[in-house]
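In: Sequence first, then the predicted structure:
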Amino acid sequence: MDDPAKGYGFKSYYNDAGTSHTCEGLEPMTTYKFRVSASNYAGSSKPSEVASYQTRAAPPGPPQNLKLQGQPQAFSFSAEWAPPRATGGDVVDSYCADILDAESAPREVYRGQDTHCQVSGGLVPGKGYMFQVHSITREGGVGPACKAISVKLPPTVPGSPSTPYVSGRAKSCSVVLAWGPPEFTGGADIASYTLERAGEGSTDFQPVYNGSRTTCNVPTLQPGMTYKFRVQAANSAGKGMFSPECLAKTGAAPPAAPANITVSPVLGTAVRISWEAASAQGTPVREYFVEQQSDSEFIQVYRGKDLSCEVRGLKASTSYSFRVLAASDAGQGPWSMLSSGKTMDGPPSAVGKLSLVNSTSEELTVSWPTPASNGQPVTHYCVELVGANPQRTQTETSTQATLSDLKSSAAHKIRVQAVNRVGSGPFSPVLTASTRAARPSPPTLELAGRYHNALKLRWNARQGCDYRLQISTPEQDSYETIYTGSSLSHKVTSLEPASHYRLRVCAMNEAGTSDYSPVQSLQTTELPPPPPKELKLVSTSLCEESADVCWHPIVSNGRPGAGYSMSSQLEVQCMEDGGEYRTVSVGDCHTQSHTLHSLKPGTKHSVRVRAREVSGVDGSNLHSSFSKAVTFTTPLSADLSKASPAASDNKADRRKSPKVSTSSTSASPSEGASSASSGGGSGSKVHQRYKKPPKVQKSTPAKAEGTMSADQRQAIFAIVLFVLVAVLLSVAGYLYLM
C-alpha cells in the first residue's frame, strides 16, 4: 500500500495466505494505492496492477479552546472557540452549540459557521448551565462535542410583589398589611421588602417598613384616615418593581385631648371654663367632661356638648384647677392638662360653730373661730340675738362678744356673720344658750282645800325652782319644814279638827333661796257627823209602788251634848238601774225612816242616807259619809195585776209587801269623805240618842197560781230556741253524710 501522507511509496501492508484484507488506521478522505503479489517457496510474483481507493470523510473533532466571551448577563452570555484540530478529512462548514441543565435535556442554542455566539432566550437569571460546541462537516457530519464549560447567569432584580391588602381589622392608629412574594424572583432569593405609604391624593410615598416578612403592622397613623400603600422586593441584584397600590383606612379613635383651656372668673364665686374643639379622630365628638381637682381627687362638674361651662358655688379668692376630656362613639379620649384660675374676692365665709364662754343670769359670752376672709380682710362681726323683739344686733371687732340685759333662766339663740369690704358673709349656725336662773321671788301661798284633819295648800310657780313649805302653831315660836320639792301644791295631814295653824313657803334654785311668803293663818274644819247606820228596807207597797227604809240615829260627833245638833239634816238619795244617785229627801235630823214613792215597776233601786249640818267654825257644810246602800227590785206591773184580792183590800197596810230581793253595799268613798257641800245650818250639838225603829216583820205574799214572770218566759223561750237549732244542725249533718 502506498500512503501518500507518508511518502514512502509502496510498503508491505499484508502478508498472509488470505485473499482479502481490511486496512485500518487510514486517514479519512485519502486516496491509497494498492497492489498485490503472490509468493511461495519459489519466490514472489510480479505485483498486480496498481488499484487506487479513497477513504470516506470522518466526523470532525471537537472545537478547541471553548470559553466565555465576556461576563455572562442575566438573560444571555457569549462564548467563543477554535476550529477542531481534526476535520475528519472534510472541511468544517458549521458549528452547533448546546446548553444543558440538570432539569432538562440538551437544547441547541446556536448553529453557524462563526466560532463565537451569543446565547439568549429561555435562560433563567441566576441559574447555572453547561455549554458545549460541536463541529459539523458535510461528509463527516456532527463531530463530538468539546469539553463543556459551566455558565452561571447572574441574578436580576425580582418582579413586583402582589398587591398589599389589610389583614384583619384596621385599628385607629395602625393597620396590618400583607402581600405575596413576586412570581419572578430574579434568580436569587428575596432579601427584603420595602413598604411605602402616602396619604390619599398624594404621590409622596415614604417607606414605613423594610424587612424579609410579607406582613407589616404600620403604626403611628391618624384615626379615620385613608392611606395608599405599595411594596417592592429586593434581592442580591437590587430592588424590583413596586406592586400595585392599595387603599387602607384606619378605624375611628377616641378624640384627642381638648386644647387651649382657659379658666376665667365671673361675677360671684364662679368661674367660666372654655376650650377648643377636640380632634374628632374619625368620628364626631359627642360630649365633653369637665372635672375639678379637689386635693388628690377629681369631681365632675360638667358634661355636655358645649365648648364652655360655668362652675358655681366656689369659694371666693381661691384658685381651682380643671381638666377637660372629649368623648365620641369610639370612646373617651385623654384628659387635657390641668388649667387653673382664681375666683373673685368675695364676702367672708360663714362663721364656724359658736362656743359658750360664760353665762350669768343676765349675760352670755360667746366666741367663734375666724372665718376665711375670701380676699379681703374682715372688718367687723355682727352678733345677732335671734327672735328678739325688737331685733337686737351688736357689732364686734374681735371673735368674742358679751350679750347683756338678757332674761334670766331663758334660752337665747345667737348667730354671727363676718363683714369685709365686699359685703356680709352668711350667718353662722345658731347657738342656743341659756342664762342662769336669778334668785327667785317669794311664791304666793293660797288655800286649796280645808278638811277637819288636813289643809291643802298651793302656790304660784317660779321657773326652775324647788319649794320649801313650813308650818307652825300659835303656841310655837319656830317653824317646822313639812315639804321640800318641785310640786306646786301640798296637802298637810294629821292635823287636829278646828285648830289654827300658820304656814309659809319659799322658792329655791341654783341662784339662791327667796324670802318666805307672807304667813297664812288657817284653821281646820270641825269633825263631820258620823253616817247613819243599819239602813234597811222595811216594806214595799204593791199598789202605790213605794218602799219604806229606816236607820239608827247618829251618835255624838264630839261637841257637847249627844246626838245631832238642832241644825242637822238627813239627806236620802236613790238610784235606779245603775244610774246616778239623786236626792229624794232632805229631812229633820230626828227622822229615822223615809217612804219612797212612785218607784218604777220591775226596776232595781239603791238607797243611801247621810247626815249634814253647818259647822260652827266657818259656816261651811259638814257632810257625813253615806251609809251602806240598800238595794231592792220592785215587782213588775203584771205581777201586781195578778196579785190576790186580799192584797187590794189591805192597801192601808204598807208594811205587808211581796217578797223582794235586798242587799247592802258600801257607799262611795269619795262621796262619804266629802267635807264641804252646799246646804245645812249651824248650831250646838245635841247629846240625845234616838231610839231604834221598831222591828217590822217582812211578809211574803203568795204568788198567783198559773202566773209566770217575764224572766221565766224568756228562759223557756231560750231553751226552746236552743233545742230547735240543735235539731236543725243534726238534720243538716245527716243530709250531708247521705
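Out: Perfect, I can see it now. Predicted model, so just to flag it, every value in this text is computed and none were measured. Residues are numbered from 1 along each chain as shown.
In: so how far is stretch 525-542 from its chain's centroid?
Out: Offset of stretch 525-542 from its chain centre (CA atoms, centre = their mean, to the nearest Å): 81 Å.
In: Sorry, slip of the keys, the one I care about is stretch 419-427.
Out: The answer for stretch 419-427 is 39 Å, by CA atoms, centre = their mean.
In: Give the buried residues for it.
Out: Buried positions in stretch 419-427, judged by neighbour count with 16 or more other CB atoms under 10 Å: 419-420, 422, 425. Bear in mind the C-beta positions are built from the backbone N, C-alpha and C, glycine included.
In: in the chain, which helix or strand is least confident?
Out: Of the helices and strands making up the chain, the lowest-confidence element is helix 669-672, at a mean of 36, by mean pLDDT, DSSP states H and E.
In: Name the next helix or strand downstream of that one, please.
Out: Sequence-wise, the next helix or strand downstream of helix 669-672 (DSSP states H and E) is helix 710-737.
In: Dump the buried residues of stretch 419-427 into TSV; add distance to residue 472 as well.
Out: Listed next are the buried residues of stretch 419-427 as TSV, based on distance: CB to CB, whole Å:
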residue	distance to residue 472
419	63
420	68
422	72
425	64
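In: which of those residues lies closest to residue 259?
Out: Using CB to CB, residue 422 is the member of the buried residues of stretch 419-427 that lies nearest residue 259, at 34.7 Å.
In: which residues does the closest one contact?
Out: The contact partners of residue 422, taken as CB atoms under 8 Å, 6 or more residues apart in numbering, are 316, 345-347, 374-376.
In: Closest to residue 301 out of those?
Out: Among these, and counting by CB to CB, the member closest to residue 301 is residue 316, at 17.3 Å.
In: Name all residues that make contact with that closest one.
Out: Counted by CB under 8 Å, 6+ apart, residue 316 has contacts 269, 343-347, 349, 374-375, 422.
In: Reformat those as TSV; add distance to residue 128.
Out: Shown next, in TSV, are those (distance: CB to CB, whole Å):
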residue	distance to residue 128
269	91
343	87
344	91
345	94
346	94
347	99
349	96
374	94
375	93
422	99
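In: Would you point out the most distant pair within those?
Out: 344 and 349 (14.3 Å).
In: what residue ranges in the stretch 501-650 of the chain score low on pLDDT?
Out: 539-544, 554-568, 613-621, 637-650 (pLDDT under 70).
In: hmm, 80 instead?
Out: 527-545, 552-570, 578, 587-591, 612-624, 636-650 (pLDDT under 80).
In: At which residues are the strands of it located?
Out: 512-513, 520-523, 533-541, 546-552, 569-576, 582-588, 593-596, 604-614, 621-623, 629-633 (DSSP state E, counting those that start in this stretch).
In: Looking at those strands, which is nearest to residue 24?
Out: strand 512-513 (174.9 Å).
In: Could you list the paired strands of that closest one along with their orientation?
Out: Within its sheet, strand 512-513 is paired with strand 500-509 (antiparallel), according to DSSP bridges.
In: and residue 4, how many neighbours?
Out: Residues lying near residue 4 (other CB atoms under 10 Å) number 12.
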